[in-house]
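**Student:** Take this sequence and fold it.
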Amino acid sequence: MANDASLKRHLAFVKGLGSQGMSSDESEDENARTISYPRVYPAWRSAQLASLLWKVDDVAATNVSVQIGKCKKSGTQLRVRPHCDKVNEEAAAPPGLPRNCYDANWLTKLSERQKRELRVQDGDYNFTT
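**Tutor:** As a prediction, the model looks like this:
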């Protein structure tokens, strides 16, 4: 990500999200040559934030792909992470993010106490790449 000009300015922000900001995986078949891990998205995440993180995933996948002139390590399985419509309603939202990082409908369902604990920043994050 640090080497991608369009995403470089988002590096500190994405690192700050930590593991709570990422999608979880769901394994389908661990005996197959290629394992599919469909992405399960946290309900709290906005479409804008999801779009940025998908771009980050694409760059990361390109960076770890088998390089020209190199062999894939034996015994390792190929992994794919297809998009799906699964949502994790129980995923913990990281507090203190700008308002547009959270799904607006998800925010309206929170109690006043939960909203205070979430400490949503009033400003919006600039997701342009």
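**Student:** can you tell me how far the closest residue to Thr129 other than its chain neighbours sits from Gly16?
**Tutor:** Nearest non-adjacent residue to Thr129, counting by CB to CB, 6 or more residues apart in numbering: Ser6, 4.2 Å away. Any C-beta I mention is one placed from the backbone N, CA and C, and that applies to glycine too. Note on Ser6: its distance to Gly16, by CB to CB, to the nearest Å, is 19 Å.
**Student:** Tell me which other helices or strands the longest helix that the chain contains touches.
**Tutor:** If you go by DSSP state H, the chain has its longest helix at helix 47-64. Contacts defined by 3 or more CB pairs under 8 Å, 6 or more residues apart in numbering; DSSP states H and E place helix 47-64 against helix 11-17.
**Student:** Just list what the helix it packs on packs against, helices and strands only.
**Tutor:** helix 47-64.
**Student:** buried set for the helix it packs on?
**Tutor:** Neighbour counts over helix 47-64 (16 or more other CB atoms under 10 Å) mark 48-50, 52-53, 55-57 as buried.
**Student:** ok, Ala47 - contacts?
**Tutor:** Contacts for Ala47 (CB atoms under 8 Å, 6 or more residues apart in numbering) come out as Asp103.
**Student:** Just the pLDDT for it.
**Tutor:** Listed pLDDT for Ala47 reads 92.
**Student:** can you check Leu97 too?
**Tutor:** According to the prediction, Leu97 has pLDDT 96.
**Student:** now it: how far from Gln121?
**Tutor:** To Gln121, Leu97 is 7 Å away according to CB to CB.
**Student:** do Leu17 as well
**Tutor:** Leu17 is 13 Å from Gln121, where distance means CB to CB.
**Student:** What helix or strand is Pro95 located in?
**Tutor:** Assessed by DSSP states H and E, Pro95 sits outside every helix and strand.
**Student:** That one contacts Arg116, correct?
**Tutor:** No. Using CB atoms under 8 Å, Pro95 is not in contact with Arg116; the gap is 9.9 Å.
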